[in-house]
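**Q** Give me the fold of what follows.
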Amino acid sequence: MSSLEESLPGPFAAALADLRKGRDPEAKVEAIKDNFAYVWVSNIAKNRSEEQLGGWIRLPLAFPSANPHGLVTRDALKRGDGGVVADAYHANHDTCVPVRAAGGAHYYSWTWDGAPPLRSPEDIIAVVQWYERRIRNG
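**A** Okay, the predicted model is just below:
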């Protein structure tokens, strides 16, 4: 557990544990800025060659009582059909700054609007899946 993770609120820490158990054992909080944690998920998407791509989910510290807002990636994302994901895309946005030293350079300002309500820490898996759908359809 990193020093950033030691002070996480209980529900957020439970969500991170669920993410590690059910999706990515290497998931971790790499930065905290204001009321958002940047949670690295190494297997959030795959490109057309099936290579895994990672990204940082911008998750509010009040999760699941507050909704996720955005994804930061090292590389610009491509949809399942190979086209560039242009939906809500911002290259080198200031939101990338907390993880820029780790390569974060592409921000997708996707909100949780239109997604199912979040009710428990276990819903973190649904957040990852929802972002993957945004990537495929974006």
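
**Q** and residue 112, how far is that from residue 121?
**A** Note on residue 112: its distance to residue 121, by C-beta to C-beta, to the nearest Å, is 15 Å. All C-beta spots, glycine's among them, are computed from the backbone N, C-alpha and C.

**Q** Please report phi then psi for the residue most central in space within the chain.
**A** Nearest to the geometric centre of the chain sits residue 57, at 1.6 Å (C-alpha atoms, centre = their mean). For residue 57, the backbone dihedrals are phi -80, psi 130 (criterion: degrees, to the nearest 10).

**Q** tell me which residues form a beta bridge with it?
**A** Beta-bridge partners of residue 57, counted by DSSP bridges, are residue 39, residue 71.

**Q** list the contacts for it?
**A** Residues near residue 57 by C-beta atoms under 8 Å, 6 or more residues apart in numbering: 38, 39, 41, 44, 68, 70, 71, 127, 128, 131.

**Q** those strands in the protein, which residues are they?
**A** For the chain, the strands defined by DSSP state E cover 28-33, 36-46, 52-60, 71-73, 89-91, 106-108.

**Q** and the second one, what does it pack onto?
**A** Applying 3 or more C-beta pairs under 8 Å, 6 or more residues apart in numbering; DSSP states H and E, one finds that strand 36-46 contacts helix 10-22, strand 28-33, strand 52-60, helix 124-137.

**Q** go with 6 Å
**A** Strand 36-46 sits against strand 28-33, strand 52-60, helix 124-137, with contacts defined as 3 or more C-beta pairs under 6 Å, 6 or more residues apart in numbering; DSSP states H and E.

**Q** May I see these organised as CSV, with mean pLDDT and distance to residue 2 added?
**A** Shown next, in CSV, are the helices and strands packed on strand 36-46 (pLDDT from 0 to 100; distance: least, C-beta to C-beta, whole Å):
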stretch, mean pLDDT, distance to residue 2
strand 28-33, 96, 6
strand 52-60, 89, 14
helix 124-137, 87, 17
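
**Q** on that earlier part again, tell me which of residue 112 and residue 121 has more neighbours.
**A** Of the pair residue 112 and residue 121, residue 121 is the one with more neighbours under other C-beta atoms under 10 Å, namely 19 against 15.
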